[in-house]
Every structure is written in C-alpha cells, then in structure tokens.
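> sequence and predicted structure are below.
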Amino acid sequence: MARKSQPKKKPRLGGPPTGPPNLLAGEDLPQPPQQERSRRAREALLDAALALFAEHGFEATSVEEIAKRAGIAVGGFYSHFRSKRQALLVLMDRLLAELAAIDLNVPPGVDARLVVGVMVHTGLRIDWAYLGAYRAWHEMILQDAALAKQARKIEAWTLSRLRLLAPVFAQAPNVRRDLDIETFCWVTNQLFWRLTETNLENRDAVERTVTAMLAHALFADER
C-alpha cells in the first residue's frame, strides 16, 4: 500500500535544527585554564591576536608579536594554543557562537521593517567586533583546504539562519509580491559576508544604508 505523502512542515523561527560547524573538532587544544590569572592571560592573547590580525593579516602576524602585545612570554602562548592557526579557530568559533545566540523568535504582529533593522544592526555589530578574525580567516581559506571546506559550511549555516526569517517577510502586508524571498536571503547572506572583509570608517552610515536597501528591496514604498 502506497504511503501518503506528509505535508511539508513550515520553517520554524526558533533556530536551525543544527548549530554552526564545530571548528574545534579534532583540535588538540590545551586544557582550558582553571586559575583566574591564566584565564586572563588566555583572553589577553586572543584580544592581541584579534587586533593584530585586523592590522596586519594572518601571515604578517607572528606568535612573538601576539605575545608581546598581550604582555606575555612566548612560552605562555604555547601553553594555551598549539599554533597561531589554532588561536584563529578559537576566535572564529566564538564568533559563530555569538551569531548562533541571536534570538530569531519574532512575536506575531511585529513590523517586518523593524525585524530588518534589528537583523542588520545585530549581525553587523557582531561581525565587526571580529574584524581581525574575518581578515585572517579570508586569508587562510585561500591556502588551507580544510578551512575552505569549513568556510563553505559556515556560509551555508548563516544562510539557513536567514531563511528562518523568510516567513516573517513573506507574510508582511506590504512585501513586494514579485520578490523571490529565497533569493533575497541568499543575496543578503553574501552581502553580510562581504561587509566583514573591510574595516569601514563610518559604520553607522553603512548600517543605515544596508537597512534602507534591504527594506526597499523587500517592501513596497508607502505612498
């Protein structure tokens, strides 16, 4: 007897069924420090790496420079990370955790334009906080096949996050009926990734412009 096809479930807004790619899987990371002093040292090293990656990129930044910026001996770096690459993975893993923590539950009746504004503000501010990690990451995926594979997974995951908002946009009363929401999500995902590659001077202006562009693309202008 033929099985009846089950109706497709509507996408839910509470978050994707799986989390972001685990960048630290298989990494032989040293044990997390237990003492407060050691934890502060580890954080100082990550902050220094993030700043130096933003200033000089990955290859032009040395472990010695990271340790010096953090005020820690070079040997102290290797007690927390096996390599500079591993420090970058920890930073990127933190970035993905912050993006995953963005609440995509949209209460009924909320203005979809407001959702666009919050999405742009929250996403860009997190991305820009990790500018150095992004710069180093984009440099590394051109020469590291394993990281390039992870990069594709990350972009697919961020796209899946944006698609969770598709029903909110599609049901807005003033949405442009000739707009393909799926394509809109893909273009928006690409735009966000490109905006993370450069240290922009006037971020407020960029945020306002991106919000206005996306809102205009989504919704018919009010007369």
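Cool, the structure landed. Residues are numbered from 1 along each chain as shown.
> in this structure, where's the longest helix?
The longest helix of the chain (DSSP state H) is helix 36-56.
> centre of the chain to that one, how far?
19 Å (CA atoms, centre = their mean, to the nearest Å).
> how's the protein carved up into domains?
For the chain, automatic domain parsing gives the domain ranges 35-81, 88-218.
> nearest to Leu24, out of the ones you listed?
Checking the domains of the chain against Leu24 by CB to CB gives domain 88-218 as the closest, at 5.4 Å. Any C-beta I mention is one placed from the backbone N, CA and C, and that applies to glycine too.
> and the longest helix of the chain, what other elements does it pack with?
helix 63-70, helix 74-78, helix 84-100, helix 131-140 (3 or more CB pairs under 8 Å, 6 or more residues apart in numbering; DSSP states H and E).
> just to revisit the earlier point, if you average pLDDT over each of the domains of the chain, which is lowest?
Of all the domains of the chain, mean pLDDT reaches its minimum on domain 88-218 (a mean of 92).
> I'd assumed Arg125 was in contact with Leu195.
No: with contact defined as CB atoms under 8 Å, Leu195 does not count as touching Arg125 (11.5 Å).
> who has more neighbours, these two?
Comparing Leu195 with Arg125 by other CB atoms under 10 Å, the one with more neighbours is Leu195, at 19 against 12.
> which residues touch that one?
124, 127, 206, 210 (CB atoms under 8 Å, 6 or more residues apart in numbering).
> how about the first one: what's its closest non-neighbour residue?
Nearest non-adjacent residue to Leu124, counting by CB to CB, 6 or more residues apart in numbering: Glu207, 5.7 Å away.
> how close does that neighbour get to Val120?
Distance from Glu207 to Val120, counting by CB to CB, to the nearest Å: 6 Å.
> and these two? Which one has more around it.
Val120 (24 against 19).
> what helix or strand does the more buried one sit in?
Under the criterion of DSSP states H and E, Val120 resides in helix 112-129.
> buried residues in that helix?
Under the neighbour-count criterion of 16 or more other CB atoms under 10 Å, helix 112-129 has 112-113, 115-117, 119-120, 123-124, 127-128 buried.
> now, which of these sits nearest Glu65?
Nearest member of the buried residues of helix 112-129 to Glu65, counting by CB to CB, is Trp128, at 22.6 Å.
> quick one: residues contacting that closest one.
Trp128 neighbours (CB under 8 Å, 6+ apart): 196, 200, 203.
> kindly supply the PyMOL command isolating those of those residues that are buried.
Burial among these is assessed by 16+ other CB under 10 Å; the matching PyMOL selection reads:
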select buried, resi 196
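> so which of the contacts of Trp128 belong to helices?
Of those, the ones assigned to helices by DSSP H are Arg203.
> just the helices and strands packed on helix 36-56: most buried one?
Sort these by mean neighbour count, taking mean count of other CB atoms under 10 Å, and helix 131-140 sits at the top with a mean of 22.
> count of neighbours near Lys49?
Quick fix: residue 49 reads Ala, not Lys. Ala49: 28 surrounding residues under other CB under 10 Å.
> ok, it touching Ser83?
No: checked against CB under 8 Å, the pair Ala49 and Ser83 is beyond contact range at 11.3 Å.
> any idea how far Val116 is from Arg42?
From Val116 to Arg42 the distance is 37 Å (CB to CB).
> before we move on, what about Asn174?
Asn174 sits 49 Å away from Arg42, going by CB to CB.
> sweet, I'm off.
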